[in-house]
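Undergrad: Below: sequence and its predicted model.
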Amino acid sequence: MTAAVASPTERLAPRVVLYWLLADGLSAVLVTGLAWFVGRPLLSEHWENWSPLLDRVLLGVCATFLAIALLSAPLAFARWRYGFLDDLLLMRYGILFVEERAVPVRRMQHVDLNRGPIERLFGLATLVVYTAGNEGSAFRVPGLGLARAQDLRDRILEARGDGRL
C-alpha cells in the first residue's frame, strides 16, 4: 500500500489573473470581432438563407466566447495550486477537468524559466520542467513571481545535485 501524497497549497501570483485576462481577452475580442464584422457580412451576402435569427445566434456565440475568456482567468487562478514536498513537485489545476501531478525530482531532465514581454511587464515567469518519458514530458507552472520562480528552479537543481546557477 502506498502513502497518500499531500495536496499542494501554494498559489500563483494574483497578478496572473490580470495577465490572463489581457491575453485571453485580446484574443477573444479579435476572434469575435472578425466573426461579427467580417464573417457575418460575408455569410449574409453569400448565403441566401441567412436570417436575423442567425444574426442573433452568432451574436450569442460571440458573447459566450467573450464571457468564457473573462471568467476562465479567475476560475483557473482559484483552482491552481503547486508545492514542493521533499523530492516531489506537486501541481493541481483545471476548471472542469482537474489534473493532479506529482513529479519526482529524479525524473526532471532540465528546468527553464520563460518570460514573454507581457509576463515581464507583470513581473511574472513560467517555470518549465522537462521530464524523462513521453506523455507529459514537459509541464509548466505559470504565473509565478520572478523571485519565486527562480527559487523553485534553484531548489529543483539543488535537489538534483546540480547546485546553484
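TA: Cool, got the structure. Residues are numbered from 1 along each chain as shown.
Undergrad: The chain: helices as residue ranges?
TA: 16-34, 40-46, 52-79, 117-122, 146-160 (DSSP state H).
Undergrad: List the contacts of the shortest one.
TA: For helix 117-122, the surrounding residues in contact (CB atoms under 8 Å, 6 or more residues apart in numbering) are 15-16, 18-19, 22-23, 125-126. For every residue, glycine as well, the C-beta is placed using N, CA and C.
Undergrad: in stretch 77-97, what's buried?
TA: 77, 80-84, 88-93 (16 or more other CB atoms under 10 Å).
Undergrad: ok, now which ones touch the residue sitting nearest the centre point of the chain?
TA: Centroid check for the chain by CA atoms, centre = their mean gives P142 as the closest residue, at 6.0 Å. Going by CB under 8 Å, 6+ apart, P142 touches 12, 16, 124, 126.
Undergrad: and V105, how many residues sit next to it?
TA: Using other CB atoms under 10 Å, V105 has 20 neighbouring residues.
Undergrad: my guess is it meets I156, correct?
TA: Yes. At 6.0 Å, V105 counts as touching I156 under the criterion of CB atoms under 8 Å.
Undergrad: got any residues that touch both of the two?
TA: L89.
Undergrad: Show the contacting residues for P74.
TA: Going by CB under 8 Å, 6+ apart, P74 touches V17.
Undergrad: I'd say A102 and L89 touch.
TA: Yes. If you go by CB under 8 Å, A102 and L89 touch, sitting 7.5 Å apart.
Undergrad: Give the closest residue to L146 in space, chain neighbours not counted.
TA: The spatially closest residue to L146, leaving aside those adjacent along the chain, is A125, at 4.9 Å (CB to CB, 6 or more residues apart in numbering).
Undergrad: Would you point out the most distant pair within the buried residues of stretch 77-97?
TA: Among those, the pair separated by the greatest distance (CB to CB) is F77 and L88, at 22.8 Å.
Undergrad: Tell me how the chain divides into domains.
TA: For the chain, automatic domain parsing gives the domain ranges 16-77, 81-160.
Undergrad: and P8, which of the ones you listed is closest to it?
TA: domain 81-160 (3.5 Å).
Undergrad: where does the protein have low pLDDT?
TA: 1-5, 134-136, 162-165 (pLDDT under 70).
Undergrad: Return the residue of it that is most distant from the centre.
TA: The centre of the chain is farthest from one residue, E48, which by CA atoms, centre = their mean lies 41.5 Å away.
Undergrad: How much space separates it from V38?
TA: Distance, E48 to V38, using CB to CB, to the nearest Å: 19 Å.
Undergrad: got it, and A73?
TA: Applying CB to CB to A73 and V38 gives a distance of 26 Å.
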